[in-house]
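In: Requesting a structural model of the entry that follows:
(one chain, ligands or ions: 3)
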Amino acid sequence: MAVLVEREPIGIFGRMNSGKSSVMNLLTQQETSIVDATPGTTADTKTALLELHGLGPVKLFDTAGLDESGALGAKKRRKTFNDLKECALALLLIDPAAADLAVEAEIIEKARAWDKQLLVIYNIFQGADENKIAGAEKKLKLLRFYPKITLRANNSSCRTALLDFILKNYIPQDAKMELLPFVQKDEYYALIIPMDEETPPGRYLRPQAMAEEYITRHWAYPVSFRLDLKQARSPCAAEAIAEKKRFDAFLNNFQKKPQALITDSQAMDIMHKWCPADIALTTFSIAMINYFSRGRLRRFADGVQALQTLRSGDRVLIVEACNHSRVGEDIGTVQIPNYLSKHFAGVAVEHNFGREFQDNPDLARYKLIIHCGGCMISAQKLQARLRALETAGVPITNYGVLLSYLQGEDALRRVLRPWGI
Ligand SMILES: Nc1nc2c(ncn2[C@@H]2O[C@H](COP(=O)(O)OP(=O)(O)OP(=O)(O)O)[C@@H](O)[C@H]2O)c(=O)[nH]1
Ligand code: SF4
Ligand SMILES: [Mg+2]
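Out: Ligands and ions are numbered 1, 2, ... in the order given. As a prediction, this is how the structure comes out:
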């Protein structure tokens, strides 16, 4: 079962042997990472989930040193910078005795470009090294902008000071963001869940689970309706009518009608028609992308207009942030590509599945990005994607926005209304 808690992603960065893994172990109070004098001991990012007093749940990233040469070193760098993109806070480990600070300068530059908070940790290997801090700050002038602490990473008594330092200086991003801001106490909300072939048995998909949890937590009542999409779309009128009757009976059974219906985006063709005008309508995918983009739904709503300018030869990238099993009438691999090929001859569709995203230089090739709800990546990772796309000047939209738009401007306006757009 996916964990619904959001963790503050905190990464530890620096050159080889600067003491990154020692800091990881200092924070986790365990031998989470291997510490060794061999440079390059941490080859791949090591993560740890823990609860930090005063900060709540965090995800720590112990990364590989950025100064390793060769082909393997280049791979480690790539991975480490991807982790930096994902982090909200970067802890930059510096050995003040280091001969040069090129790697540290690069980390600071990237952290600035990607809008990351950064805290500097001077790790003192020998007593006399403390005197070299002033020299380091002369060499790397940007250091003066960041809060700093001096410690010995291999000394467990430094843990409290380090925690206090992080707590004092780190501002948790987006501390509060409402998943469904329109939900009101004592009201009903209907969740329209088709449960197609992709739906794993034994649990809801994460967007459904998050919505149900949110509504319940806010003293309102979530009620689920399993819609038989095949029947609702059946060319046989009797079948479609039977399903519609079942839906109407569901709604009519309430003494007090639901305030809103939250539907699987795939069912927008049906729900736009069936959902009575006095009940608000939106989709899980829209709720998710608004939440994980920290309220940037408007950007996805604007992005869908790019469909109108698609020409033969253009490329569209469909992005799903997880690797769920894709069978049957999958939205990303079947439904949206079918729609595009039908309405935009010659437009090429590409896919990007999973947590890794295209490199910035490649993004400019696309005319439009169509993103899923993004519920399986952190808000920071999604923000990093949005920033990269902004830099490349590529519009982005979302499954829920697109599938509503395909039902007409009215349907789009309707699903955006609960979000004040
Ligand atoms: N004397 C002293 N040694 C330390 C300190 N911090 C780390 N070390 C030692 O430095 C070596 C490297 O420490 P690590 O924590 O593995 O460093 P790292 O940055 O993770 O190194 P890589 O994974 O190789 O990039 C180990 O031998 C540690 O015991 C410190 O504060 N003082
Ligand atoms: S990450 Fe995207 S594709 Fe995966 S479950 Fe969430 S919304 Fe669906
Ligand atoms: Mg290490």
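In: rest of the way, CA atoms for contacts and neighbours
Out: OK.
In: I'd like the next helix or strand past the helix or strand of the chain with the lowest mean pLDDT.
Out: Within the chain, confidence by mean pLDDT, DSSP states H and E is lowest for helix 360-363 among all helices and strands, at a mean of 77. Remark: after helix 360-363, the chain's next helix or strand is strand 368-371, criterion DSSP states H and E.
In: pLDDT of that next one, averaged?
Out: For strand 368-371, mean pLDDT rounds to 98.
In: Show me what it is packed against.
Out: strand 315-320, strand 396-398, helix 399-405 (3 or more CA pairs under 8 Å, 6 or more residues apart in numbering; DSSP states H and E).
In: Figure out which of those is closest to ligand 1.
Out: strand 315-320 (31.9 Å; CA to the nearest ligand atom).
In: Parallel or antiparallel, which strands does the closest one pair with?
Out: Note on strand 315-320: by DSSP bridges, its sheet partners are strand 348-353 (parallel), strand 368-371 (parallel).
In: List the contacts of the shortest one.
Out: Defining contact as CA atoms under 8 Å, 6 or more residues apart in numbering, one finds that strand 368-371 is touched by 303, 306-307, 315-320, 394-399, 402.
In: quick one, what contacts the residue in the stretch 151-300 of the chain that ligand 1 sits nearest to?
Out: At 3.4 Å from ligand 1, Arg152 is the closest residue in the stretch 151-300 of the chain, using CA to the nearest ligand atom. The contact partners of Arg152, taken as CA under 8 Å, 6+ apart, are 123-125, 158.
In: Of those, which is the most crowded?
Out: Asn123 (25 neighbours; other CA atoms under 10 Å).
In: That one pairs with what?
Out: Beta-bridge partners of Asn123, as defined by DSSP bridges: Leu151.
In: Tell me how far it lies from ligand 3.
Out: Look at Asn123 and ligand 3: by CA to the ion, to the nearest Å, they are 14 Å apart.
In: Just give me the neighbour total for Asp410.
Out: Neighbours of Asp410 (other CA under 10 Å): 12.
In: backbone phi and psi for it, please?
Out: Main-chain dihedrals, Asp410, degrees, to the nearest 10: phi -60, psi -50.
In: I'd like the strands paired with strand 315-320 laid out as TSV, including mean neighbour count.
Out: Below are the strands paired with strand 315-320 laid out as TSV (neighbours: other CA atoms under 10 Å):
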stretch	mean neighbour count
strand 348-353	16
strand 368-371	25
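In: how about the ones you listed, which one is nearest ligand 3?
Out: Taking CA to the ion, strand 348-353 is the member of the strands paired with strand 315-320 nearest to ligand 3, at 29.2 Å.
In: quick one: is the host helix or strand of Ile107 near ligand 1?
Out: Secondary structure assignment for Ile107, by DSSP H and E: helix 102-113. No: interface with ligand 1: helix 102-113 contributes nothing (CA under 6 Å from any ligand atom), its closest point being 12.3 Å away.
In: quick one, phi psi at Ile149?
Out: phi -140, psi 150.
In: Residue numbering should commence at 419 henceforth.
Out: Sure, I'll start counting at 419 from here, so that last one is Ile567.
In: That one and Glu548 touch, don't they?
Out: No: in this structure, Ile567 is not within contact of Glu548 by CA atoms under 8 Å, at 11.2 Å.
In: quick one on the thing from earlier: from the contacts of Arg570, which single one is nearest ligand 1?
Out: The closest of the contacts of Arg570 to ligand 1 turns out to be Phe543 (CA to the nearest ligand atom; 3.8 Å).
In: Stretch 774-793: which residues count as buried?
Out: By neighbour count on 16 or more other CA atoms under 10 Å, the buried set for stretch 774-793 is 775, 781-782, 784-793.
In: Run through the stretch 669-818 of the chain and note the low-pLDDT ranges.
Out: Filtered on pLDDT under 70, the stretch 669-818 of the chain yields the residue ranges 777-778.
In: show me where it has helices.
Out: Using DSSP state H, counting those that start in this stretch, the helices found in the stretch 669-818 of the chain span residues 686-692, 702-710, 715-721, 754-761, 778-781, 797-810, 817-823.
In: Can you say which of the ones you listed is nearest to ligand 2?
Out: helix 702-710 (6.1 Å).
In: can you give me how far that closest one is from the chain middle?
Out: 10 Å (CA atoms, centre = their mean, to the nearest Å).
In: Repeat that for stretch 675-691.
Out: Worked out by CA atoms, centre = their mean, stretch 675-691 lies 24 Å from the chain centre.
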